[in-house]
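Engineer: here's my sequence, what's the structure:
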Amino acid sequence: MAFLATVVFVACFTVKDYAISNDEGVQHHYGELIIAYYQSGFRVRDVFTFENLYLYGGLFDVVAIWLGHVVALDVYEVRHILCAMTGVAGIAVSGATARSIAGPRAGLIATAALTLCGAWYGAMFNHTKDIPFAAAMAGATLFLLRLARQLPSPRTFDVVVFGCFAGVALGLRSYGLLLFVYLGLAILIYLPRAESGRARLSFAGRSLLKMSPAAVVAYPLMMLAWPWAALSPLNPIRGLFAFSEFQYAIRTMFVGRVYEMANVPRVYVPGYLLIRIPLITQAGAALAMTSLVWNPVKQGVVRRREVALLSIMVLLPLACQALIHGPAFSGMRHFLFVLPPLAMLAGVGLSHLLDALALPGRRLASVALAVVCASFLSEGITLVRLHPYENLSYNALVGGLPGAFRRYDLDYWFNSMPEAISKLEAFVRDKVPVDRTKPAVYSVAVCGERPAFDHSVTLPELRWDFRSEWDESEFFIAPTQMNCDRDLDGEIVGRVERLGVPIAYVKDRRAIVKRPPADSPPPVARQEPAGKNIAQAVPFD
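Structural biologist: Predicted coordinates for the structure are as follows:
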């Protein structure tokens, strides 16, 4: 509890350090369209024609809009606080799940493992679809394990709460249907082995009957947040298949090679998990999975079944992605929901290891405990040094952030834009002459989205790119993600760095800028650079 309280305090204290992500603007508008649809008595149907967003739920956006009317804060700050708190809730239920399997020590290890995973903590503030969905899946996992122990007659309370979490997950992404697949697998795992075939069939039938209220609870919750799903009972399944087929002209990087999102290698997502998750967490999860076949310390049948179920929750989505060869981009962002069960397994596995090493004597177990603590401490120090770009953490398999530089996806949402703008403003204040009679207005070309720029810039002479072409702008700011910083030349006057790695550059182009004709009318549109599509908002992802 003290650990979680510390995480909440740090999250609230630092929430303003995180930038607006590329798709938050369209997501917020999608929430407004959902509300307008219900308020109009289903007559205003723009929600079904706004980009492709109708293909998944808008629960987070609707709640954020409602909170925005209650609290006097900027709408994006409300979104970030809400997202951070759902992330902390995901951490809490992950710890609670590991604790219920292997005791308090396992719970604390799982809590630390998920908190100190940069892919989770760094995404906790502005990945407003991925983190809430992952937290809902984690909550459902806790209650799925609780009711699995009670099969074939689980308590109604646990069934209803599981249904609520399933409904919330489906109100965010159609991937929430996986929970009902996990439910079916849980029934199979918990079938009584010593009974006859008829008894097993009876066990499965009674279990399904007792679990049916979960679907009754989940479906209305899903429909409230996902209007398109309410139009047809099969639409959630159609949405799931649409996810596996949709394509955009988005590029991603893997092992130094650039791929279109539809052509990434099959190992793309598992590969990113392997190099993004702290090695101590991977080792703990591997130990837990190994305990299913080799177990030096006796553990109950129930624990082994729960470890098996958690292992399926990690491996099944990854296997489906690899076998189906679905599109992917932005690293492991769309698979953040496998991180909580990984952390749970790590808690169970490392705690189990300490128990095993304590059998011959406490000294060896004490050394192992020191190694575990030192590993997590090292991860924490790395996150502090990366702040607020914890999402850029890579493990030692690729040499950390320096080894991942220009070889893997990094700041794909240009979260470093506020810091880059701050450096640009400092340069303009200190180095650019000021003509009081005719104040200059400079065009800033940005490899990113406008909401983040408008919420960060304070100098009136710096304006979002208003030229007809990028090479007419006087200044340029861009992340090094996908080498977007190389799209335009200029004198480097500022850089955002962490761990010695440049994350973003600020360039002064006034000496080489291509000047537009003096009598040309103000442009109404501008040409997009070749590299800019890597930073644009993706409405359906």
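
Engineer: which residue would you name as the spatial centre of the chain?
Structural biologist: In the chain, the C-alpha nearest the mean C-alpha coordinate belongs to residue 130, at 4.1 Å (Cα atoms, centre = their mean).

Engineer: so it sits right up against residue 336, yeah?
Structural biologist: Yes: counting by Cβ atoms under 8 Å, residue 336 is a contact partner of residue 130 at 4.6 Å. C-beta coordinates here come from the backbone N, C-alpha and C atoms, glycine included.

Engineer: what average pLDDT does stretch 338-351 get?
Structural biologist: Averaging pLDDT along stretch 338-351 gives 97.

Engineer: pull the distance from that stretch to the chain's centre.
Structural biologist: Distance, stretch centre to chain centre, for stretch 338-351: 18 Å (Cα atoms, centre = their mean, to the nearest Å).

Engineer: over to stretch 141-155?
Structural biologist: 28 Å.

Engineer: and stretch 267-278, by the same measure?
Structural biologist: Mean-position distance between stretch 267-278 and its chain equals 14 Å (Cα atoms, centre = their mean).

Engineer: what residues are up against residue 477?
Structural biologist: 417, 420-421, 424, 444-448, 504-507 (Cβ atoms under 8 Å, 6 or more residues apart in numbering).

Engineer: residue 408 too?
Structural biologist: Per Cβ under 8 Å, 6+ apart, neighbours of residue 408: 253, 254, 255, 272, 275, 331, 394, 398.

Engineer: what subset of those residues is buried?
Structural biologist: 253, 254, 272, 275, 331, 394, 398 (16 or more other Cβ atoms under 10 Å).

Engineer: re the thing from before, what's the pLDDT at the residue nearest to the centre of the chain?
Structural biologist: For residue 130, the model assigns a pLDDT of 95.

Engineer: that one and residue 466, how far apart?
Structural biologist: 33 Å (Cβ to Cβ, to the nearest Å).

Engineer: what is the least confident helix or strand in the protein?
Structural biologist: The least trusted helix or strand in the chain, going by mean pLDDT, DSSP states H and E, turns out to be helix 235-243, with a mean of 83.

Engineer: hey, C-alpha coordinates of that helix in PDB?
Structural biologist: Taking Å, rounded to 0.1, in the frame of the first residue of the first chain, the C-alpha atoms of helix 235-243 are listed here in PDB:
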ATOM      1  CA  ASN A 235     -20.400  -6.200 -34.600                       C
ATOM      2  CA  PRO A 236     -17.900  -6.700 -31.800                       C
ATOM      3  CA  ILE A 237     -16.600  -9.800 -33.600                       C
ATOM      4  CA  ARG A 238     -16.600  -7.900 -36.900                       C
ATOM      5  CA  GLY A 239     -14.600  -5.100 -35.200                       C
ATOM      6  CA  LEU A 240     -12.100  -7.700 -34.000                       C
ATOM      7  CA  PHE A 241     -11.500  -9.000 -37.500                       C
ATOM      8  CA  ALA A 242     -11.300  -5.500 -38.800                       C
ATOM      9  CA  PHE A 243      -8.400  -4.800 -36.500                       C
END
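
Engineer: from now on call the first residue 783
Structural biologist: Okay, residue one is now 783; in that scheme the one you just asked about reads as helix 1017-1025.

Engineer: pull out the buried residues from it.
Structural biologist: Buried residues in helix 1017-1025, counted by 16+ other Cβ under 10 Å: 1017, 1018, 1021, 1022, 1025.

Engineer: what residues are up against the third one?
Structural biologist: Neighbour list for residue 1021: 837, 838, 956, 1010, 1011 [criterion: Cβ under 8 Å, 6+ apart].

Engineer: redo that, cut-off 10 Å
Structural biologist: Residue 1021 sits next to 836, 837, 838, 839, 952, 955, 956, 957, 959, 1008, 1010, 1011 when contact means Cβ atoms under 10 Å, 6 or more residues apart in numbering.
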